[in-house]
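Enquirer: got a structure for you, letters missing:
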DNA sequence: ATGCATTGAATGCATCTGCATCAACATTGA
DNA sequence: TCAATGTTGATGCAGATGCATTCAATGCAT
């Protein structure tokens, strides 16, 4: 817990210092940019990012407000919608990646050999899976971040 | 990042389900309870918990409001103060530890052998130290959690 | 001693979160 | 067909957080 918060804070701090929006924006833009046609249902974005539903809704709202994404309605399910990344969004995502990658290298990469990184991933993976055993209802699954 | 947020959320979720306050309260009560005479300067608490100053200030405020801790003034430095844990505070800390320990065992302990845990700690330790190299000023050190 | 930077703690304000709920649509099943 | 149930997404509201600033007390250098 201590290490994670230190590293994450350091990375977010670097990003902010470079004048960029929070990491969550990057995550969202990244997921959108690599989606089939640059678009995703909010529900899918939510699942990718491990954040609660209302949080997704508001994140999208902000991205749209900033012109980084746009909503389009879903033809097959009229209560749903698609969120599509704009050119500006793709551009910001790429620019942020510069700072983000540098921060990762500085705070993580430079401190771990490739082999160590692999070992670390393997160990962490054991903690990651099957989190719902506490409660039968999937509704209870905790949101993330 | 993904694993940490999943595990932490699961633990916090279990704690809340058992009717307990957030983990940060536990952390603070724990630090206080193991301090020399059950008391700590806010600044020290801040350093132990890796949270920003204003956050400590408000956390203490809540603990005091709930009768879990009490403020006393510091004789040697009149702008400072001491925060001392109360009996109720010690008791809550102990009761929370029951649920907390169970959650840790469920979400972490049961998924990792002792040897793996040691390896994991060793790997994480390499990421943890020397975080201030980005900026010469210590003021810039990022807060945590 | 006096001016000046530093430290310890609190707080006003804007923003963000979490929770519960809502409204609209979709699906199922009798 | 129609009621019950489930999904999708938004939102009002209370509480939490982050930021910058404040104020008082302290240390320090001249």
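Expert: Looks like it arrived, so ask away. Fair warning: this is a prediction, and the values are worked out from it, not measured in the lab.

Enquirer: so the residue nearest the centre of chain A, which of the three states?
Expert: Computing the C-alpha centroid of chain A and ranking residues by C-alpha atoms, centre = their mean puts residue A:27 first, at 2.8 Å. Here residue A:27 is recorded as helix under DSSP: H, G, I helix; E, B strand; the rest coil.

Enquirer: can you give me the neighbour number for the closest residue to residue A:99 other than its chain neighbours?
Expert: Nearest residue to residue A:99, sequence neighbours excluded (C-beta to C-beta, 6 or more residues apart in numbering or on different chains): residue A:18, at 4.5 Å. For glycine as for every other residue, the C-beta is placed from the backbone atoms N, C-alpha and C. Using other C-beta atoms under 10 Å in any protein chain shown, residue A:18 is surrounded by 14 other residues.

Enquirer: equivalent analysis for residue A:37, please.
Expert: 9.

Enquirer: quick one, strands of chain A?
Expert: With strands called from DSSP state E, chain A shows them at A:39-40, A:69-73, A:81-85.

Enquirer: need those in TSV with mean pLDDT, distance to residue B:100 and mean neighbour count, can you?
Expert: Shown next, in TSV, are those (pLDDT from 0 to 100; distance: least, C-beta to C-beta, whole Å; neighbours: other C-beta atoms under 10 Å in any protein chain shown):
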stretch	mean pLDDT	distance to residue B:100	mean neighbour count
strand A:39-40	94	37	22
strand A:69-73	92	40	15
strand A:81-85	94	38	21
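
Enquirer: quick check: residue A:10 touching residue A:103?
Expert: Yes: assessed by C-beta atoms under 8 Å, residue A:10 is found in contact with residue A:103 at 7.1 Å.

Enquirer: thinking again about what came up before, redo the strands of chain A as a markdown table? Include distance to residue B:98.
Expert: Listed next are the strands of chain A as a markdown table, based on distance: least, C-beta to C-beta, whole Å:
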| stretch | distance to residue B:98 |
| --- | --- |
| strand A:39-40 | 42 |
| strand A:69-73 | 46 |
| strand A:81-85 | 44 |
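
Enquirer: now for the ones you listed, which one comes closest to DNA strand D?
Expert: Among these, the nearest to DNA strand D by C-beta to the nearest atom of the strand is strand A:81-85 (4.8 Å).

Enquirer: partners of that closest one, with directions?
Expert: strand A:39-40 (antiparallel), strand A:69-73 (antiparallel) (DSSP bridges).

Enquirer: report whether it contacts DNA strand C.
Expert: No: Strand A:81-85 stays clear of DNA strand C (C-beta under 7 Å from any atom of the strand), getting no nearer than 10.9 Å.

Enquirer: pull the longest helix from chain A.
Expert: helix A:87-107 (DSSP state H).

Enquirer: sweet, I'm off.
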